[in-house]
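Engineer: Can you look at this prediction? I've put the sequence above it.
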Amino acid sequence: MRPEEWRKLGLRDDEYDRIKEALGREPNRLELGMFSVMWSEHCSYKNSKAVLKTFPTTGPRVLQGPGENAGVVEIGDGLAVCFKIESHNHPSAVEPYQGAATGVGGIIRDIFTMGARPIALLNSLRFGPLTDERVRYLFEQVVAGIAGYGNRIGIPTVGGEIYFDRCYQGNPLVNAMCVGLLEIDKLRLGKATGIGNPVILAGARTGRDGMGGAAFASVELSEETEAPDIQVGDPFTEKLLLEACLELINNGDVEGIQDLGAAGLTCAVSEMASRGGTGMDVELSKVPCREEGMTPYEIMLAESQERMLLVVTPEKEAKVHAVFKRWGLTSTTIGRVTEGGMLKIRMHGEIVAEIPAHSLAEEAPVYYPESKEPAYLKTTADLPLATIEEPEDYNTVLLELLASPNIASKQWAWQQFDYMARTSTLVGPGSDAAVIRIRGTNKALALTADCNSRYAYLDPFAGGKIAVAEAARNIVCSGGEPLAITDGLNFGSPEKPEIYWQFRQAVAGISEACRVLGTPVTGGNVSFYNESNGEGIYPTPVIGMVGLLADATKYCTSSFKAAGDLIVLLGDSADELGGSEYLALIHGRVQGKPPALDLAKEKALHHVVRTAIQQGLVRSAHDLSEGGLAVAVAECTFENQLGAVVEVEKGVLRTDSLLFGESQSRVVLSLAPDKLSALQALAEEENVPLHVIGRTGGDRLQIFIDGNQYVDQTVAQLRTVWQEGIPCQLP
Amino acid sequence: MKFGVIVFPGSSGDLDAYHLVKDILGAPVEYIWHEERSVQGFDCLLLPGGSSYGNYLRGGALARYSPVVSAVVDFAHQGGLVLGIANGFQVLTEAGLLPGTLYTNTDTRFRCHFTTLRVENTETPFTRNLDRKQLLSIPIAHDEGNYYVDAATLQKLEANGQIVFRYADQNGQTTEEANPNGSVSNIAGVCNETRNVLGMMPHPERAGEAVLGSTDGLTIFKSIIKYWEGRQ
């Protein structure tokens, strides 16, 4: 074989040698193709594996950590929650509707593959500025694609985050998270066990779509085949597949099960066999194809959506086919589980590929790419506050911040998501975290996805750490106990030492926060090569977090509830403007260090807020993030259009730091005045600073500093600006 | 009184309707698979929301040919109570049990939010517990909810009292702003001439508990039960 053959598939010369070694001979073209997709970064994590191993992944509740289709965490009552986040960035940049839709479809399959009933979807989306026409098209189509898939399949999309920044202009980020619920004894893994057991392929027929989407584009292939390269989602088939698979799993009819995603059939057969310590003998002429004359190469590498691979016992085989038939789905026995760990792929009986399953699934090389601190950090780190002029008119600044698409209401998007399906959404999109009750129990789950990538750009370690802390703070403000995380790690090219340094730092920051806050990493996704025109995106480590409410009635939302309540700020404010939305929007600078985060203080804050909610002391809780104190208080007034008078003391702080700085570990609460002493006692016990900063009431938001009025606006005006921030940029 | 919830391939609101009847109303309820040819033993049939057959072609256009729909049509013709919600409404128009059709929303987007409905006719089995012009808070979740009939049919619907719900604002005015999808004359729900079949785009099964934001949908189900009990 000529070097061009493997190089054009993205394999390095030393990787080719390794393949020859694994086979004891030269690979044929199909075998080479199978190795190229399985040893791609997307499937093998060869560039990130060593770093990901440093994540804390264990805990008393963790039933399944990284390495399976999704993580599983125990929540009592014999139940567990299964969840994962995954990126679909590149497909969404090319074909935003289908890219986003199939991203949702893929993550849903990862969840029901484990035997869990999907109950909620979240998403984390990033685009360039909405002033750009192509960006508006991407934004509208991504939102429509998520809606088109999630709504049709009947799983509510309950939360997430959307940000806009120039660094995502050519490379939007579309991360989708799915959360499912299962009875612990129904947990199923992607393992091929039981020598002689039939291997069944079910669901959609296999077409030529998504060939080599696992990271490689093969010029020769796309010339040979005229089919488009884009996967197309079919939520209807997925809904049937979901119901059929859950019925089979719940009846105990399945030994092992895995969905077909990246690298298609190649990945499913090799991973299932490898995990089971077995081999497989597969006959490709049995695979139902959508098109005539598909080659073994195409069948093994196609990424057609809505397909599952199942291993069942011979006694159950006929029954399993009958269940798929009743759901109107195609299912075919395409092979058997064999002894000895060898994958034998046949076409009409003739062996066309013969590879040890383990070498495909597990023996990809592990790389330790070079890493180097990026030079830009030397210039961004320094932020002499004296050079930042303080605004004269704070009303205008507050209105500008509320209208910034990063802070403005995301209702334009989430109103297109059916967030009420399954009638269990207690708190939908727009609050700090979504809250979903668990039918048949008194419990509820709190769900969120968070990242501030500007922080991660200015200090990847701090950015990773803060993303975890903010996610946990959102869970806590909703009344939940943070349980565990899934991470969506979006970065530029790992071949650049500066980017790899960002990656390592972010992982280290996430790990430190997860250790202290007791939220292990149960899985996730790494997406490298997010660049356009040689410019990487900001490092964007998105944290998807799941929390538990033991009592579903004790949830909390961010909005003020009653006039005359006290407004309390927990936590301390500092002169921290680095990386803030205020600095970027008003002064056009992405600079400084992100705000400092003391994890011990953060944890103490969580304890106070959660206890206060559980004891019924507070009526609202909202964490402070982009836009700081002024924006947070304004947001609390919107839902019930209930105003507030805030009076604070400046002390040694700058006025803009006090109002718009983004110091960490802070929460705004509202409570009936007679509950204050109990809250004070709680805060004192945990050494959490408590400041009574005002009262709710009226139809205006007024902010006084040292007795002087800095903000005076009607709630209606603030709310309009906040609501129109995104729609007014769309035609 | 026994409720039946029809399950088409792609139905998803079946779960919500089932739980509302069973857990909140405490009435007997069973799922009915789309291949069933008989609906014997049921007193009220619910055609749920969702995307039957993926809403391919048109919402409800394919489900209409399910074996169970023939049984639903016979049941309706014999005076049986049928409530079609969202996609279920689309199936009923496709099956010819209700007049009109449902186009794509005028802004072409999926919309999920609470709407205010004004009760237009209380002389139906579904609304007898309600007051005329009463306002209900019930959510919508659809992208094909734009109800259309021609002018002559509209006049006939008005004359027959077949318009059961209209989208209205907080003051009960049927303004353009209150109309979420472009439906003709702000129509949110219609019944047949004999008033035993109701179709509506809003989801009353999602408005059955205070924790979900409203209990106004429950009154529709309670009306059904009261009507049925009165008939016995």
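Structural biologist: Structure received. The structure displayed is predicted, hence computed values, not measured ones.
Engineer: for chain B, what are the nearby residues on chain A?
Structural biologist: A:144, A:147-148, A:151-154, A:234-237, A:239-240, A:327-328, A:415-423, A:425-426, A:437, A:439, A:553 (C-beta under 8 Å from any C-beta of the partner chain). Quick note: C-beta positions are derived from backbone N, CA and C, even for glycine.
Engineer: Looking at those residues, which are in helices?
Structural biologist: Applying DSSP state H to the residues of chain A next to chain B, the entries found in helices are A:144, A:147-148, A:151-153, A:235-237, A:239-240.
Engineer: Of the residues of chain A next to chain B, select the buried ones using a PyMOL command.
Structural biologist: Only the buried entries of the residues of chain A next to chain B go into this PyMOL selection, using 16 or more other C-beta atoms under 10 Å in any protein chain shown:
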select buried, chain A and resi 144+147+148+151+152+153+154+234+235+236+237+239+240+327+415+416+417+418+419+420+421+422+423+425+426+437
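Engineer: Now pLDDT too, for the ones in helices among the residues of chain A next to chain B, in JSON lines please.
Structural biologist: Shown next, in JSON lines, are those (pLDDT from 0 to 100):
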{"residue": "A:Ala144", "pLDDT": "97"}
{"residue": "A:Ala147", "pLDDT": "97"}
{"residue": "A:Gly148", "pLDDT": "96"}
{"residue": "A:Asn151", "pLDDT": "97"}
{"residue": "A:Arg152", "pLDDT": "96"}
{"residue": "A:Ile153", "pLDDT": "97"}
{"residue": "A:Pro235", "pLDDT": "96"}
{"residue": "A:Phe236", "pLDDT": "96"}
{"residue": "A:Thr237", "pLDDT": "95"}
{"residue": "A:Lys239", "pLDDT": "97"}
{"residue": "A:Leu240", "pLDDT": "97"}
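Engineer: closest to chain B among the residues you listed?
Structural biologist: Closest approach to chain B among these (C-beta to the nearest C-beta): A:Phe236, at 2.7 Å.
Engineer: Roughly how far does the closest one sit from A:Leu701?
Structural biologist: Note on A:Phe236: its distance to A:Leu701, by C-beta to C-beta, to the nearest Å, is 47 Å.
Engineer: cool, and B:Thr104?
Structural biologist: With C-beta to C-beta as the criterion, B:Thr104 and A:Leu701 are 40 Å apart.
Engineer: So these two - more neighbours on which side?
Structural biologist: A:Leu701 (27 against 17; other C-beta atoms under 10 Å in any protein chain shown).
Engineer: any idea how far A:His358 lies from A:Glu271?
Structural biologist: A:His358 is 10 Å from A:Glu271, by C-beta to C-beta.
Engineer: same check, this time on A:Leu659
Structural biologist: Taken as C-beta to C-beta, the span from A:Leu659 to A:Glu271 is 52 Å.
Engineer: swap in A:Lys46?
Structural biologist: 15 Å.
Engineer: and those two? which has more neighbours close in?
Structural biologist: A:Glu271 (25 against 18).
Engineer: A:Gln258 is in contact with that one, correct?
Structural biologist: Yes: counting by C-beta atoms under 8 Å, A:Glu271 touches A:Gln258, with 6.5 Å between them.
Engineer: Give me the common contacts of the two.
Structural biologist: A:Gly190 (C-beta atoms under 8 Å, 6 or more residues apart in numbering or on different chains).
Engineer: so what are the domain limits for chain A?
Structural biologist: Residue ranges for the domains of chain A, per automatic domain parsing: A:3-48+A:188-361, A:556-731.
Engineer: out of these, which comes closest to B:Gly199?
Structural biologist: domain A:3-48+A:188-361 (22.1 Å; C-beta to C-beta).
Engineer: Quick check: closest non-adjacent residue to A:Thr313.
Structural biologist: A:Asn197 (5.8 Å; C-beta to C-beta, 6 or more residues apart in numbering or on different chains).
Engineer: which stretches of chain A aren't confidently modelled?
Structural biologist: A:212-230 (pLDDT under 70).
Engineer: So which residue is dead centre in it?
Structural biologist: A:Ile85 (3.7 Å; C-alpha atoms, centre = their mean).
Engineer: Can you list phi and psi of that one for me?
Structural biologist: Main-chain dihedrals, A:Ile85, degrees, to the nearest 10: phi -120, psi 150.
Engineer: and it, what does it touch?
Structural biologist: Contacts of A:Ile85 by C-beta under 8 Å, 6+ apart are A:107, A:122, A:124, A:175-177, A:449, A:486-488, A:524-525, A:542, A:544.
Engineer: what's the span of stretch A:617-624, first residue to last?
Structural biologist: 20 Å (C-alpha to C-alpha, to the nearest Å).
Engineer: So which bits of it are buried?
Structural biologist: A:617-624.
Engineer: Equivalent analysis for stretch A:564-572, please.
Structural biologist: Here stretch A:564-572 shows A:565-571 as buried, counting by 16+ other C-beta under 10 Å.
Engineer: Find the nearest non-adjacent residue to B:Met201, please.
Structural biologist: Nearest to B:Met201 is B:Gly145, by C-beta to C-beta, 6+ apart, at 4.0 Å.
Engineer: pretty sure that neighbour is touching B:Thr106, no?
Structural biologist: No: the pair B:Gly145 / B:Thr106 is not scored as a contact, 10.1 Å apart, by C-beta under 8 Å.
Engineer: which residues do the two both contact?
Structural biologist: Joint contacts of B:Gly145 and B:Thr106 (C-beta under 8 Å, 6+ apart) are B:Asn181.
Engineer: Among these two, which residue is more densely surrounded?
Structural biologist: Shown here are B:Gly145 and B:Thr106; by other C-beta under 10 Å, B:Gly145 has more neighbours (27 against 12).
Engineer: give me every residue that touches that one.
Structural biologist: B:86, B:102, B:105, B:111, B:180-181, B:183, B:201.
Engineer: Mind doing that once more with 10 Å?
Structural biologist: B:59, B:86-87, B:89-90, B:102-105, B:110-111, B:167, B:180-183, B:188, B:200-202 (C-beta atoms under 10 Å, 6 or more residues apart in numbering or on different chains).
Engineer: Keep only those of those that are in helices.
Structural biologist: B:87, B:89-90.
Engineer: Hmm, A:Glu74 and A:Asp185 touching each other?
Structural biologist: No: applying C-beta atoms under 10 Å, one finds A:Asp185 not in contact with A:Glu74, separated by 11.8 Å.
Engineer: Are there residues contacting both of the two? Which ones?
Structural biologist: In contact with both A:Asp185 and A:Glu74: A:Ala80, using C-beta under 10 Å, 6+ apart.
Engineer: For the two, work out which one has more neighbours and name it.
Structural biologist: The neighbour count for A:Asp185 versus A:Glu74, taken as other C-beta under 10 Å, is higher for A:Glu74 (18 against 9).
Engineer: all helices for the stretch 501-650 of chain A, in order.
Structural biologist: A:581-587, A:599-614, A:628-638 (DSSP state H, counting those that start in this stretch).
Engineer: for the stretch 151-300 of chain A, same thing?
Structural biologist: A:219-224, A:235-250, A:264-276, A:296-301.
Engineer: Against B:Gly189, how distant is A:Glu95?
Structural biologist: 38 Å.
Engineer: Mind checking which of these two has more residues around it?
Structural biologist: Neighbours per residue (other C-beta under 10 Å) separate A:Glu95 from B:Gly189, with B:Gly189 holding more: 32 against 18.
Engineer: my read: the more buried one touches B:Leu198, true?
Structural biologist: Yes: counting by C-beta under 10 Å, B:Leu198 is a contact partner of B:Gly189 at 6.2 Å.
Engineer: Mind listing the shared neighbours of the two?
Structural biologist: With C-beta under 10 Å, 6+ apart, B:Gly189 and B:Leu198 have common neighbours B:83-85, B:89, B:98, B:124, B:126-127, B:162, B:164-165, B:204, B:220.
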